[in-house]
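need coordinates for the below:
(one chain, ligands or ions: 1)
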Amino acid sequence: MTIVVTGGAGFLGHHLVKLLLDKGKSVVVMDSLWTGSQENIAEFASNPNFRHILCDVREPLPDVEDLEQIYHLACPASPDDFERAPIEILETCFLGTRNVLELATVRRARVLLASTSEIYGDPEVSVLPESYRGNVNSFGPRSCYDEGKRTLEALAFSYRLKNNVETRIARIFNAYGPYMAAKDGRAVPNFIGAAMDGQPVKIYGDGSATRCFQYATDCVEGLYALMNSDYDKPVNIGSDLEMAVSDIANKVTRVVAEKLGQKAPVAVQYLPKRVDDPTRRKPDITLAGEVLGWSPKVSLDDGIAQTVDWFLEKHGNPKSLM
Ligand SMILES: O=c1ccn([C@@H]2O[C@H](COP(=O)(O)OP(=O)(O)O[C@H]3OC[C@@H](O)[C@H](O)[C@H]3O)[C@@H](O)[C@H]2O)c(=O)[nH]1
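Below you'll find the model as predicted:
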């Protein structure tokens, strides 16, 4: 039996493919390398259970025999991408998801769709249960992703209704870890890159915005548990350790300073808050615990230390990061 991972050459894709191969699964990665990279799958090339098909999910997908499951992760995920390629992101969310569900219909495969905390928008409540309908701006700089991923969920519902496709929906909250691209644009790689380069970290707003960061391996274990469960409604997959962005930045810059022997962590530069940037985001992860027996395990201290070590090893010369 074969498992397809769209976006398997991406950040989370790498960790998911590794998990599946370590479990002895046969994996086909479908990835255009638009935001993913060959480096993220290089270590799998010699594995006879691994194959990479270079393709764009916005085109009809190649057929895969003996197809059991599809993890649909393919989509740019950084707010920096939202500005760069909003139309392509909307196409990926709709056409890509439709093509995945079409293949699943033909092959009777189960599909796990990577949705996101962004479908909740800028929440009006302090903790986000799956029942919260969200507060999303359909006409703003994040709408390509926020509404695109809401369309992904609507497509899942529709294919289940009309074609009886088995779907699972993971609402993935902020994830970080090794294999994030240095120029990804999200907070943790940006903070690490700036600190390694001796430059101030840039904080959008006053630093009081909150997020909960989950380590990549915890996240993909949650995806695996959800795919192989009987629960077919959306589930939040994330950490519920809520922290201010400024505290995250301080934690990262302190770790880099210690590891590089810098006298003091780099400074912080405050920039205007970005439009529609959620002021707080904390998932209620009770459901994941109840139906999957899943909760994040890797502490922020351990996760950040491992991520910084990976960046230092990969980008020995800090100047190469920015
Ligand atoms: O350099 C930076 C980067 C980010 N930030 C801030 O840090 C917070 C987190 O920003 P990130 O870009 O890491 O991630 P966001 O929370 O904006 O969205 C991300 O997380 C949810 C996932 O579905 C997506 O991958 C992505 O949308 C935001 O408040 C952002 O403004 C900075 O202050 N400085």
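
could you use CA atoms for every contact and neighbour count after this?
Will do.

flag every residue of the protein that's near the ligand.
Taking Cα under 6 Å from any ligand atom, the part of the chain that reaches the ligand is made up of 77-79, 116-118, 172-174, 186-187, 190, 202-204, 209, 245, 277.

which of the residues you listed fall within strands?
Under the assignment DSSP state E, those contribute 116, 172, 202-204 to strands.

now, among the residues you listed, which is nearest to residue 238?
Distance to residue 238 across these (Cα to Cα) is lowest for residue 172, with 6.1 Å.

so that closest one makes contact with residue 237?
Yes. With contact defined as Cα atoms under 8 Å, residue 172 counts as touching residue 237 (5.0 Å).

before we move on, the earlier item: wait, which of the ones in strands among the residues of the chain next to the ligand is closest to residue 285?
For these, the nearest to residue 285 is residue 172 (11.0 Å; Cα to Cα).

ok, now which ones touch the closest residue to residue 218 other than its chain neighbours?
In space, and not counting its chain neighbours, residue 218 is closest to residue 296: 5.3 Å by Cα to Cα, 6 or more residues apart in numbering. Shown in contact with residue 296 (Cα atoms under 8 Å, 6 or more residues apart in numbering): 214-215, 218-219, 238-239.

between residue 172 and residue 237, which is the more surrounded one?
Neighbour tally, residue 172 and residue 237, criterion other Cα atoms under 10 Å: the higher count belongs to residue 237, 33 against 24.

just checking, the more buried one touches residue 220?
No. Contact criterion Cα under 8 Å: residue 237 and residue 220 do not qualify, at 9.1 Å.

and the longest helix for this structure?
For the chain, the longest helix by residue count, based on DSSP state H, is helix 143-163.

point out where the chain drops to low pLDDT.
Within the chain, the stretches with pLDDT under 70 are 316-322.

tell me where it has helices.
Taking DSSP H as the criterion, the chain contains helices spanning 11-22, 79-84, 86-91, 97-107, 143-163, 187-196, 216-227, 245-260, 286-287, 300-314.

what's the angle from the longest one to helix 97-107?
Taking axes from the mean of the first three to the mean of the last three Cα atoms, to 10 degrees, one finds helix 143-163 and helix 97-107 inclined to each other by 20 degrees.

what is helix 143-163 packed up against?
helix 86-91, helix 97-107, strand 110-116, strand 167-172 (3 or more Cα pairs under 8 Å, 6 or more residues apart in numbering; DSSP states H and E).

go on, the last one?
Using 3+ Cα pairs under 8 Å, 6+ apart as the contact criterion, the elements in contact with helix 300-314 are helix 187-196, strand 214-215, helix 245-260.
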